[in-house]
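Engineer: Here's a sequence, model it:
(2 chains)
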Amino acid sequence: MLLFPEGAMRVQGTGRKILEHCDGQRTFREIVDELQKHYTASDPELIRDDVAKFLEGLQQKRIVDY
Amino acid sequence: MLPNPLALIAEITHRCPLHCVYCSNPLQMASAKSEFSTEEWIRVFEQAAKLGVLHLHLTGGEPLARTDLTELIAGAHAAGLYINLITSGIGLSEARLAALVEAGLDHIQLSFQDSREDAANWIAGARAHAHKIELARAIRKHRVAFTVNLVVHRQNLDHLEEMISFIEQLQPDRMEIAHAQYYGWALKNRRMLIPTREQLDRAMKTVAEAEKRLAGKIRIDSVVPDYYARYPKACMGGWGRRLILIEPSGKALPCHAAGIIPGLEFDNVRDRSLEWIWRESPAFRRFRGEEWMPEPCRSCERRTEDFGGCRCQAFLLTADANATDPACSLAPAHHVVESVLLEVNSGAPAVSQPVRASSLHDLQAQTADVWSYRMSPE
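Structural biologist: The predicted structure is shown next:
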């Protein structure tokens, strides 16, 4: 469960994996690299785009900062 | 099946150093003597977390008036709650702020009354504005989510753009632009607070433009005044559906204003478990679901969205808590709201100049025919 001011969001599966890598230390590239290692069957470009889209969506809501 | 409550609103004290004319606290407030102890509050937070509550909103009055606030936050944090402090900032030094964050505070919601100092202090009935600005700067040095809340009404809406720019400079993550809601002191002062339709239309445009401009930088949440809406607000997400409010002395209510509805007995968490109150208490069951609904709500397709609106507003405006919220354009008593709007939109409704005074007493004397300032309980 992701909690933020006045709201909460249940995060599962890949979204959860992405957020678990967001520790305030890793760069976007590092996060993508690690996920690419984890999801070897998927197109690396696709993973990169999906992670970017997911994080941008949360950034617009000011839930994730970078 | 009955869902779990998602949030607990803890009014930990009704004491407040501010006297805002739009305060939604009840006119009858709990005294300092009757307030729950530290241990009693922490027990409630633990019960809430077990019941599935995720968010704790610490509010009041001014929560900083409690000297044990750090302990309360530490207790709630240990129980696993996400903690939001709703505050005027009065009583918060940099050292105390650091202690609250250290104890587990997740989010601060700091209120501002205006961008202009004289106007802000006039609305608040206290010299608070300059301190709030200093505090906003201090908050940004900590790892804590930060929202600035601005209550808008007829007296400040004409310079909304300026107020938004002012808030932008404080660099919050989020800003809340909330039209005053007419309960408690705000209802008493409604005559001077309710905006004109022209002001409202302009304000909605201004907010929409700001949302676009600040996208990705500052999230804007705005609350529209329900008197001007076509349908009523889903007050508290429905009676006894998502939220529990606890008053300073431990009485549990489904919303801030429910205490005014006659015939409802509110249980105290001193006598009953929070779970029992949520599931079984007559007060929480009174307007839950659709059984209580009159027409046109009962057969309305919006009944699962707005739950018939606000029970307290229905009572305040029609003397019947079972009535459809008069803010709804379909309500039999909608004419009550329409006549209020007619009055404010015909002729030239008063916009006053801020009054400067040396004391609250002096301010009250100078504004006696304009409005009443919120008083703090003994």
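Engineer: Spell out, range by range, the strands that occur in chain A.
Structural biologist: A:2-4, A:7-9 (DSSP state E).
Engineer: Highest mean neighbour count out of those strands?
Structural biologist: Mean neighbour count, computed with mean count of other Cβ atoms under 10 Å in any protein chain shown, is highest for strand A:2-4 among the strands of chain A, reaching a mean of 18. Where you see a C-beta, it was placed from the backbone N, CA and C, and this is true even at glycine.
Engineer: Is that strand positioned near chain B?
Structural biologist: Yes - interface with chain B: strand A:2-4 contributes A:3, A:4 (Cβ under 8 Å from any Cβ of the partner chain).
Engineer: Would you mark the buried spots in the helix or strand containing residue B:120?
Structural biologist: Residue B:120 belongs to helix B:117-124 when elements are defined using DSSP states H and E. Across helix B:117-124, burial judged by 16 or more other Cβ atoms under 10 Å in any protein chain shown covers B:117, B:119, B:120, B:121, B:122, B:123, B:124.
Engineer: that older thread, the strands of chain A into JSON lines, with extra columns for mean pLDDT?
Structural biologist: Listed next are the strands of chain A as JSON lines, based on pLDDT from 0 to 100:
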{"stretch": "strand A:2-4", "mean pLDDT": "89"}
{"stretch": "strand A:7-9", "mean pLDDT": "87"}
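Engineer: Need those strands in CSV (columns: distance to residue B:186).
Structural biologist: Formatted as CSV, the strands of chain A follow (distance: least, Cβ to Cβ, whole Å):
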stretch, distance to residue B:186
strand A:2-4, 28
strand A:7-9, 25
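Engineer: Among those, which comes closest to residue B:69?
Structural biologist: strand A:2-4 (20.4 Å; Cβ to Cβ).
Engineer: How about the helix or strand bottoming out on mean pLDDT in chain A and chain B, touching?
Structural biologist: Across the helices and strands of chain A, mean pLDDT, DSSP states H and E gives its lowest value to strand A:7-9, namely a mean of 87. Yes - applying Cβ under 8 Å from any Cβ, one finds strand A:7-9 touching chain B at residue A:8.
Engineer: which residues touch the residue nearest the centre of chain A?
Structural biologist: Residue closest to the average C-alpha location in chain A (Cα atoms, centre = their mean): residue A:18, at 3.3 Å. Taking Cβ atoms under 8 Å, 6 or more residues apart in numbering or on different chains, we find residue A:18 in contact with A:31, A:35, A:51, A:54, A:55.
Engineer: quick one: it and residue A:9, what's the gap?
Structural biologist: 13 Å (Cβ to Cβ, to the nearest Å).
Engineer: which parts of chain A sit against chain B?
Structural biologist: Counting by Cβ under 8 Å from any Cβ, chain A comes close to chain B at A:1, A:3, A:4, A:5, A:6, A:8, A:59, A:60, A:61, A:62.
Engineer: Please verify my assumption that the second one contacts residue B:54.
Structural biologist: Yes - the criterion here is Cβ atoms under 8 Å, and residue A:3 meets it with residue B:54 at 5.9 Å.
Engineer: what sits in contact with each of these two?
Structural biologist: residue B:82.
Engineer: quick one: residue B:370 is in a strand?
Structural biologist: No - judged by DSSP: H, G, I helix; E, B strand; the rest coil, residue B:370 forms no part of a strand; its state is coil.
Engineer: What's the local residue count around it?
Structural biologist: 15 (other Cβ atoms under 10 Å in any protein chain shown).
Engineer: try the one 4 residues further on
Structural biologist: The burial metric for residue B:374, expressed as a neighbour count using other Cβ under 10 Å, is 24.
Engineer: And residue B:81, how close does it get to chain A?
Structural biologist: 9 Å (Cβ to the nearest Cβ, to the nearest Å).
Engineer: Pretty sure that residue sits against residue B:46.
Structural biologist: No - in this structure residue B:81 lies outside contact range of residue B:46 using Cβ under 8 Å: 9.3 Å.
Engineer: higher neighbour count, those two?
Structural biologist: Counting neighbours by other Cβ under 10 Å for residue B:81 and for residue B:46 shows that residue B:81 has the greater number, 24 against 17.
Engineer: ok, now which ones touch the more buried one?
Structural biologist: B:8, B:45, B:48, B:49, B:53, B:54, B:55, B:56.
Engineer: Output the longest helix belonging to chain B.
Structural biologist: Longest among the helix segments of chain B by residue count, using DSSP state H, is helix B:197-213.
Engineer: where's the residue of the stretch 201-350 of chain B found nearest chain A relative to residue B:167, distance?
Structural biologist: As assessed by Cβ to the nearest Cβ, chain A sits closest to residue B:219 within the stretch 201-350 of chain B, at 4.4 Å. Distance, residue B:219 to residue B:167, by Cβ to Cβ: 12 Å.
Engineer: Any chance you could list residues touching both of those two?
Structural biologist: With Cβ under 8 Å, 6+ apart, residue B:219 and residue B:167 have common neighbours residue B:175.
Engineer: quick one: which of the two has more around it?
Structural biologist: residue B:167 (25 against 20).
Engineer: Are there helices or strands packed against the longest helix along chain A, and which ones?
Structural biologist: Looking across chain A with DSSP H, the single longest helix is helix A:44-60. Applying 3 or more Cβ pairs under 8 Å, 6 or more residues apart in numbering or on different chains; DSSP states H and E, we find helix A:44-60 packed against helix A:13-21, helix A:28-38.
Engineer: And what about residue B:353, helix, strand or coil?
Structural biologist: When classified by three-state DSSP, residue B:353 comes out as coil.
Engineer: per-residue confidence at it?
Structural biologist: Here, the pLDDT recorded for residue B:353 equals 90.
Engineer: Just the CA coordinates for the longest helix of chain B, please, in PDB.
Structural biologist: C-alpha atoms of helix B:197-213 as PDB (Å, rounded to 0.1, in the frame of the first residue of the first chain):
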ATOM      1  CA  ARG B 197     -21.400  33.800  -8.900                       C
ATOM      2  CA  GLU B 198     -19.100  36.100 -10.800                       C
ATOM      3  CA  GLN B 199     -16.300  35.600  -8.200                       C
ATOM      4  CA  LEU B 200     -16.800  31.900  -8.300                       C
ATOM      5  CA  ASP B 201     -16.600  31.600 -12.100                       C
ATOM      6  CA  ARG B 202     -13.500  33.700 -12.200                       C
ATOM      7  CA  ALA B 203     -11.900  31.600  -9.400                       C
ATOM      8  CA  MET B 204     -12.600  28.300 -11.200                       C
ATOM      9  CA  LYS B 205     -10.800  29.700 -14.300                       C
ATOM     10  CA  THR B 206      -7.900  30.900 -12.200                       C
ATOM     11  CA  VAL B 207      -7.500  27.500 -10.500                       C
ATOM     12  CA  ALA B 208      -7.700  25.700 -13.900                       C
ATOM     13  CA  GLU B 209      -5.000  27.900 -15.300                       C
ATOM     14  CA  ALA B 210      -2.800  27.400 -12.200                       C
ATOM     15  CA  GLU B 211      -3.300  23.600 -12.400                       C
ATOM     16  CA  LYS B 212      -2.000  23.700 -16.000                       C
ATOM     17  CA  ARG B 213       0.900  26.000 -15.200                       C
END
